[in-house]
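Peer 1: have a look at this prediction, sequence included:
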Amino acid sequence: MADRLTMQDPRQQYPQPPFPRQPQPVPGLAAKMDPVPDHGETSYRGSGRLTGRRALVTGGDSGIGRAAAIAFAREGADVAISYLPEEESDAREVIQLIEAEGRKALALPGDITEESWARDLVEKTVAAFGGLDILVVNAGRQQNRADISKVSSEDFDRTLKTNLYALHWIAQAAVPHLPPGASVITTASVQAYEPSAILLDYATTKAGIVAYTKALAKQLIEKGIRANVVAPGPFWTALQSSGGQPQEKVQQFGGQSAFGRPGQPVELAPVYVLLASQEGSYISGEVYGVTGGAGIA
Ligand code: NAD
Ligand code: MG
């Protein structure tokens with residue numbers, strides 16, 4: 001495969017469906033995916049844009065958060081990653097990649113649906129790194145349900161706790177620590193604008209993340225802090241194969257996009273780096289769509 005920065009037709013740059021059947025229990029492991037996603041392990045090159053910054057990335061073990069964590073470390077940041085204990089093997093790979101850049105890494109296994117742990121994440125990061133400059137609230141729960149009758153109260157509760165309550169708890173704990181120039185980045189989805197019938201609770205939270213982040217951005221700019229949302233389209237991550245989509249859809253994942261393929265997590269890394277760095281100095285309250293041609297309304 002050509003280097004990812006070599007000029008080429010982006011539709012052919014990464015694997016296209018059909019993909020093999022590959023159901024995994026929640027939360028799923030990136031290492032068990034076929035093909036294994038590109039999170040930038042060998043393909044992302046840094047250029048000192050985040051030298052000395054201290055970052056916390058929730059869901060940094062795999063998928064989009066892992067791509068952000070690797071890129072941040074390559075750009076010179078210390079990086080803490082939060083994840084579920086079942087994801088320890090994925091997380092270890094990321095910790096090693098961060099340390100290979102000569103940066104500090106902090107592993108934070110635990111369940112962010114518990115308020116005390118969600119708040120602790122922030123305090124542990126501040127204690128380990130001496131501060132916090134970049135907060136990426138990215139962890140998410142997505143479980144497809146064919147019909148409204150199948151979305152249990154437990155589902156609804158867990159999806160809202162993971163995607164919205166934890167965002168509030170983590171952001172609330174972080175704000176007092178963030179200096180001027182700091183950046184908050186949330187991960188919403190194209191689902192905020194074009195919800196799928198089978199993602200009732202999930203799509204609701206993604207629209208909520210957009211509204212929450214835009215409101216927060218208005219408060220934070222008064223402290224010199226920026227906040228933005230990334231709204232991805234279909235990306236090849238364990239979220240999808242561990243119940244985010246029905247297996248038939250995983251096998252065709254991304255095939256409906258104008259690119260005929262899903263995005264790879266590394267294709268989002270430059271956007272997280274831009275928003276995190278001082279290069280994004282006039283960017284706040286924005287929603288960045290990276291959708292493979294669908295656009296966001
Ligand atoms: P992923 O499964 O690799 O990452 C999600 C992470 O969330 C997991 O690795 C896990 O560590 C974390 N998480 C989930 N529940 C948790 C809990 N209770 N406590 C602690 N951590 C928990 O998948 P991804 O696709 O990279 O997802 C990252 C974000 O991107 C999510 O918010 C997702 O909604 C969003 N997103 C994904 C896509 C896509 O197509 N993959 C599209 C749009 C938005
Ligand atoms: Mg994971």
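Peer 2: It's in. Ligands and ions are numbered 1, 2, ... in the order given.

Peer 1: what is the neighbour count of the residue of the stretch 1-150 of the chain found nearest ligand 1?
Peer 2: Per Cβ to the nearest ligand atom, G63 is where the stretch 1-150 of the chain lies closest to ligand 1, at 2.1 Å. (Glycine included, C-beta is placed from N, CA and C.) Using other Cβ atoms under 10 Å, G63 has 29 neighbouring residues.

Peer 1: got a pLDDT number for the nearest residue to it once chain neighbours are set aside?
Peer 2: Closest residue to G63 apart from its sequence neighbours, by Cβ to Cβ, 6 or more residues apart in numbering: T237 at 3.3 Å. Note on T237: pLDDT of 98.

Peer 1: now do M1
Peer 2: 55.

Peer 1: doesn't D133 make contact with G224?
Peer 2: No - look at G224 against D133 with Cβ atoms under 8 Å: they stay out of range, at 11.9 Å.

Peer 1: which one's more surrounded, those two?
Peer 2: D133 (21 against 11).

Peer 1: next, the more buried one: phi, psi?
Peer 2: When read as degrees, to the nearest 10, the backbone of D133 gives phi -120, psi -30.

Peer 1: just L108 next, same as before
Peer 2: phi -130, psi 80.

Peer 1: between G224 and D133, what contacts are shared?
Peer 2: 179, 181-182 (Cβ atoms under 8 Å, 6 or more residues apart in numbering).

Peer 1: buried among these? Need that as a selection in ChimeraX.
Peer 2: Burial among the shared contacts of G224 and D133 is assessed by 16 or more other Cβ atoms under 10 Å; the matching ChimeraX selection reads:
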select :182
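
Peer 1: looking at the shared contacts of G224 and D133, which one is closest to ligand 1?
Peer 2: A182 (20.7 Å).

Peer 1: ok, what's across the strand from I81?
Peer 2: V57, A107 (DSSP bridges).

Peer 1: need the shared contacts of G224 and D133 in CSV (columns: pLDDT and distance to ligand 2).
Peer 2: Compiled in CSV, these are given as follows (pLDDT from 0 to 100; distance: Cβ to the ion, whole Å):
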residue, pLDDT, distance to ligand 2
P179, 98, 30
G181, 98, 30
A182, 99, 25
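
Peer 1: quick one: the shared contacts of G224 and D133 as JSON lines, columns for distance to S47 too.
Peer 2: Listed next are the shared contacts of G224 and D133 as JSON lines, based on distance: Cβ to Cβ, whole Å:
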{"residue": "P179", "distance to S47": "23"}
{"residue": "G181", "distance to S47": "19"}
{"residue": "A182", "distance to S47": "21"}
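
Peer 1: can you give me the end-to-end distance of stretch 93-110?
Peer 2: For stretch 93-110, the first-to-last residue distance is 17 Å (Cα to Cα, to the nearest Å).

Peer 1: contacts for it?
Peer 2: Residues contacting stretch 93-110 (Cβ under 8 Å, 6+ apart): 31, 41, 46, 60-61, 66, 69-70, 73-74, 76-85, 87-88, 91-92, 117, 120-121, 124-125, 128-129.

Peer 1: returning to that earlier point: quick one: neighbours of the residue nearest to G63, just the number.
Peer 2: There are 29 residues near T237, going by other Cβ under 10 Å.

Peer 1: correct me if wrong: it contacts P265.
Peer 2: Yes - with contact defined as Cβ under 8 Å, T237 and P265 form a contacting pair (6.4 Å).

Peer 1: follow-up on the earlier one: of the contacts of stretch 93-110, list those near ligand 1.
Peer 2: Near ligand 1, judged by Cβ under 6 Å from any ligand atom, the entries from the contacts of stretch 93-110 are 61, 82-84, 87.
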